[in-house]
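K.L.:
Coordinates only, no sequence provided:
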């Protein structure tokens, strides 16, 4: 099923604009992520919402550092969204209020505590609006500023394919390979922790979504509403089927809605008509069925995801070390995939 890393990743979409040379993530400080939670803590309650900055650490490492330093289990540390390892990232975590007296004296070279506020409940995955990125494309590329600005205009106007980045699949695709073996019942998962199982199933869902995006790109219909597509109006959580593709396309072209693709699983909304057939074709071509994924509904339920994501408030400026980009993306979207559209050598 998987012959190379490229088979799991969404390719560059356009070749009519010149690509920009440079390197991402040469140093953690080149890749800055600031989480936008979209809500504030109440100021009272049994949990602490803690403003945490980490440098060059994975989320797993961060949880372990906090747990060891504060006398907690890693399960006591809750988050709204995962953050990159090779970066400087700032986000909100929630901890039991009983450790409040220990936070003032907490010290670690890779972790900074900027403050905390009490709240009645812990954070849960997905309770964020998105992330603000400040990214240096390092290299001698300052003379390509105008080309970069042309890309900024293109990406803000049309968006980029909303694929999952390679970090989703693990080193050498190991997380994805484990997930496929797990779904096909080719290995025992009795010794695999719940978080590990969730990550492996998610990697499979992400891979199948990427394949669906690639298929629509190949067909030239990534931004074209087809009969049966499940769409989502901006600012709304519910999906509706495209019974009249022409009418729905007009709303899409005005920027009023999103076309979505499948994160295959038991709770996934099912597309109908032409779109539904295309989704099943992609799943079957990958050698899988809905029954494979429904076995793990308690771990990953499935859902829908926009096929295209448009960065907001995107800018690019010269930097002594290259070109510096700044933009906002909604939760779940990958800055590396957006910038990969303009890079000469994407990650």
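P.N.:
Sure, I can see it. Please read these numbers as outputs of a predicted model, since none were measured by experiment.
K.L.:
Could you use CA atoms for every contact and neighbour count after this?
P.N.:
Noted.
K.L.:
what's the weakest-modelled helix or strand in this protein?
P.N.:
helix 290-294 (a mean of 80; mean pLDDT, DSSP states H and E).
K.L.:
Report all helices and strands that it contacts.
P.N.:
The helices and strands touching helix 290-294, judged by 3 or more Cα pairs under 8 Å, 6 or more residues apart in numbering; DSSP states H and E, number zero.
K.L.:
Now that helix: buried residues?
P.N.:
292-294 (16 or more other Cα atoms under 10 Å).
K.L.:
As a check, name the ranges of all helices in the stretch 51-200 of the chain.
P.N.:
In the stretch 51-200 of the chain, helices defined by DSSP state H, counting those that start in this stretch lie at 59-70, 100-103, 145-158, 174-183, 194-219, listed in chain order.
K.L.:
With mean pLDDT, distance to residue 111 and mean neighbour count as extra columns, can I get the ones you listed in CSV?
P.N.:
As requested, the helices of the stretch 51-200 of the chain are arranged in CSV below (pLDDT from 0 to 100; distance: least, Cα to Cα, whole Å; neighbours: other Cα atoms under 10 Å):
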stretch, mean pLDDT, distance to residue 111, mean neighbour count
helix 59-70, 96, 8, 17
helix 100-103, 96, 12, 13
helix 145-158, 98, 33, 17
helix 174-183, 88, 26, 20
helix 194-219, 90, 22, 21
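K.L.:
looking at the chain, which residue ends up farthest from its center?
P.N.:
If you look at how far each residue of the chain sits from its centre, by Cα atoms, centre = their mean, the farthest one is residue 101, at 34.2 Å.
K.L.:
coming back round to it: so what's the gap between the least confident helix or strand of the chain and the chain middle?
P.N.:
23 Å (Cα atoms, centre = their mean, to the nearest Å).
K.L.:
Show residues contacting it.
P.N.:
183-184, 264-266 (Cα atoms under 8 Å, 6 or more residues apart in numbering).
K.L.:
redo that, cut-off 10 Å
P.N.:
Residues outside helix 290-294 that contact it (Cα atoms under 10 Å, 6 or more residues apart in numbering) are 180, 182-185, 201, 204-205, 264-268, 280, 283-284, 300-302.
K.L.:
ok, back up a step: residue 51 is nearest to which of the helices of the stretch 51-200 of the chain?
P.N.:
helix 100-103 (11.2 Å; Cα to Cα).
K.L.:
so what's residue 320 up against?
P.N.:
By Cα under 10 Å, 6+ apart, the contact set of residue 320 is 138-140, 142.
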